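Student: Pasting a predicted model and its sequence here:
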Amino acid sequence: MAKVKHFLDIQKLDSKTLREILSLGSEIKSGKKSDANKLLAGKTLAMIFEKPSTRTRVSFEVAMIQLGGNAVMMDGKDSQLGRGESAADTARVLSRYVDAIMIRTNDPAKLDELAEYASIPVINGLTDNSHPCQIMADIMTYEEHRGSIAGKKVAWCGDGNNVAASFMHAAGRFGFHLSLALPPELPLDDAVIAWATAEGVDFSISDKADEACSDADLIVTDTWVSMGDKDADKRHKLLSPFQVDERRMALAKTDALFMHCLPAHRDEEVTASVIDGAQSVIWDEAENRLHAQKGILAWCLS
């Protein structure tokens, strides 16, 4: 029996496999795969949402439909998983009904338990620790506009959240330099730093956003207050020195791009002039969630 192919985190797959997934997504997007609308014919994806979403839900559901399959939406509060059934038992049951599971949850332990006990692929749609599908779309977007991301400088301005963690994993697998500008009070998880150090990832961390953005090929940020954050005022005060504005974009290379995983709060983490400006590729980035995830789904279910 073939080994189940999960998509749990970027660092859990090797560079060759990640490149294979991106290539598959790009081929489907470009129309080079003439049978794309039949790739997942007869297949069904169960989507478990313990955190609400616009892009994750719509992109995964549309991806399945356009690849010839189906998607079933499960709201955490309406499923038995939200009423005390273990992730292990949920995994065992869903494995009898559907062909893959995508989960968006606070708790990364649920993702790991689903993968351990499912006999079908499990996909990480987001946890508090990581957001790998987003970063796959970001890599795809950068390379569509500027070619290979290997050897480029990516600047992150914000806190050490799940998206920043997945960018660190991607820096290791795709070979770019990651320059993180973070408030010391909102650091990246020690385990992520330890992994990057052990892997020899090219990265730097400081509390100086200008330094991070200087000569960057790509500048990325994220909302200052995410779902579940209860200390909004404190976070705004800590993160206001890390806002991406036109002055900071001017510190980067002249052809630098700007990305944001959305939803965005204009004139908070990024000024309206940047997010709506010529260097912003956020709408291409949002669209590529659909195409990168088609690659992920097709790879997992091939």
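Tutor: Thanks, I have it. Note that the coordinates shown come from a computational prediction; the quantities given were computed from them, not determined experimentally.

Student: What is the end-to-end distance of stretch 193-213?
Tutor: The first and final residues of stretch 193-213 sit 20 Å from each other (CA to CA, to the nearest Å).

Student: what's the answer for stretch 261-277, then?
Tutor: 16 Å.

Student: what comes up buried for that stretch?
Tutor: By 16 or more other CB atoms under 10 Å, the buried positions in stretch 261-277 come out as 261-262, 264, 269-271, 274-275. C-beta coordinates here come from the backbone N, C-alpha and C atoms, glycine included.

Student: and if you look at stretch 279-298?
Tutor: 279-282, 284-298.

Student: Grab the nearest non-local neighbour of Asp217.
Tutor: Distance criterion CB to CB, 6 or more residues apart in numbering; nearest residue to Asp217, sequence neighbours excluded, is Lys152 at 4.0 Å.

Student: what's near enough to touch that neighbour?
Tutor: By CB atoms under 8 Å, 6 or more residues apart in numbering, Lys152 lies in contact with 142, 146, 176-177, 217-218.

Student: Kindly spell out which helices and strands sit in contact with the longest helix belonging to the chain.
Tutor: Longest helix in the chain by number of residues, with DSSP state H as the criterion: helix 282-301. Packing partners of helix 282-301 (3 or more CB pairs under 8 Å, 6 or more residues apart in numbering; DSSP states H and E): helix 15-30, helix 55-66, strand 100-104, strand 122-126, helix 132-146, strand 257-260.

Student: pLDDT averaged over it, what's the number?
Tutor: Taken as a whole, helix 282-301 has a mean pLDDT of 98.

Student: how much does it deviate in direction from strand 100-104?
Tutor: Inter-element angle recorded for helix 282-301 and strand 100-104: 140 degrees (by axes from the mean of the first three to the mean of the last three CA atoms, to 10 degrees).

Student: Dump the C-alpha coordinates for helix 282-301 into PDB.
Tutor: Output in PDB follows, covering the C-alpha atoms of helix 282-301 (Å, rounded to 0.1, in the frame of the first residue of the first chain):
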ATOM      1  CA  ILE A 282      -1.700  41.000  -3.300                       C
ATOM      2  CA  TRP A 283      -4.500  40.100  -5.700                       C
ATOM      3  CA  ASP A 284      -2.300  37.800  -7.700                       C
ATOM      4  CA  GLU A 285      -1.200  36.300  -4.300                       C
ATOM      5  CA  ALA A 286      -4.800  35.800  -3.200                       C
ATOM      6  CA  GLU A 287      -5.700  34.100  -6.600                       C
ATOM      7  CA  ASN A 288      -2.700  31.800  -6.300                       C
ATOM      8  CA  ARG A 289      -4.100  30.300  -3.100                       C
ATOM      9  CA  LEU A 290      -6.400  28.500  -5.600                       C
ATOM     10  CA  HIS A 291      -3.700  27.400  -7.900                       C
ATOM     11  CA  ALA A 292      -1.100  26.400  -5.300                       C
ATOM     12  CA  GLN A 293      -3.800  24.400  -3.500                       C
ATOM     13  CA  LYS A 294      -4.700  22.700  -6.700                       C
ATOM     14  CA  GLY A 295      -1.100  21.500  -6.900                       C
ATOM     15  CA  ILE A 296      -1.300  20.400  -3.200                       C
ATOM     16  CA  LEU A 297      -4.600  18.500  -3.700                       C
ATOM     17  CA  ALA A 298      -3.400  16.900  -7.000                       C
ATOM     18  CA  TRP A 299      -0.200  15.800  -5.400                       C
ATOM     19  CA  CYS A 300      -1.800  14.500  -2.200                       C
ATOM     20  CA  LEU A 301      -4.400  12.500  -4.100                       C
END
